[in-house]
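> test case, fold it:
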Amino acid sequence: MPMNCERLADLLIDYLEGALGPADTQCIEEHLASCACCGKFVRTYQTTMSVAGELTEEPMPDDLRYQLHVNLRQRLKLSCHDAVVEGDPPCASAENAE
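Below is the predicted model of the structure:
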């Protein structure tokens with residue numbers, strides 16, 4: 001099957017992990033050599049994964065956790081309010097959030 005941008009995206013993780021056979025690997029490399037858009041996408045993906053791999057998990061401060069909860073709850077209320085205004089029935093989660 002010929003390589004195209006969509007197929008490359010489907011095979012990207014296997015390609016980067018070295019899990020593809022030689023034929024698919026060669027097709028991807030030929031496509032990357034001729035498609036600047038896919039080449040840029042793969043480089044961006046690799047950089048993102050590299051940076052993400054360096055992140056460490058930090059506990060969320062209590063005040064930030066509280067503010068996040070308040071903001072999400074408010075957004076849920078607004079979202080459900082908009083649905084009622086537009087004539088849709090209110091969602092049950094908004095009633096439970098109050």
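
> could you use CA atoms for every contact and neighbour count after this?
OK.

> mind listing the helices for this protein?
5-16, 22-34, 36-53, 62-85, 92-97 (DSSP state H).

> dump the ones you listed into CSV; add mean pLDDT and mean neighbour count as well.
Conversion of the helices of the chain to CSV gives the following (pLDDT from 0 to 100; neighbours: other C-alpha atoms under 10 Å):
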stretch, mean pLDDT, mean neighbour count
helix 5-16, 91, 14
helix 22-34, 93, 15
helix 36-53, 91, 12
helix 62-85, 75, 13
helix 92-97, 41, 11
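
> got the domain ranges for this structure?
The chain breaks down by automatic domain parsing into domains covering 5-53, 62-97.

> any idea how far the closest residue in space to residue 2 that isn't next to it in sequence lies from residue 44?
For residue 2, the nearest residue in space outside its immediate sequence neighbours is residue 27; the separation is 7.5 Å by C-alpha to C-alpha, 6 or more residues apart in numbering. Between residue 27 and residue 44 the computed distance is 20 Å (C-alpha to C-alpha, to the nearest Å).

> for residue 2, grab phi and psi.
When read as degrees, to the nearest 10, the backbone of residue 2 gives phi -70, psi 150.
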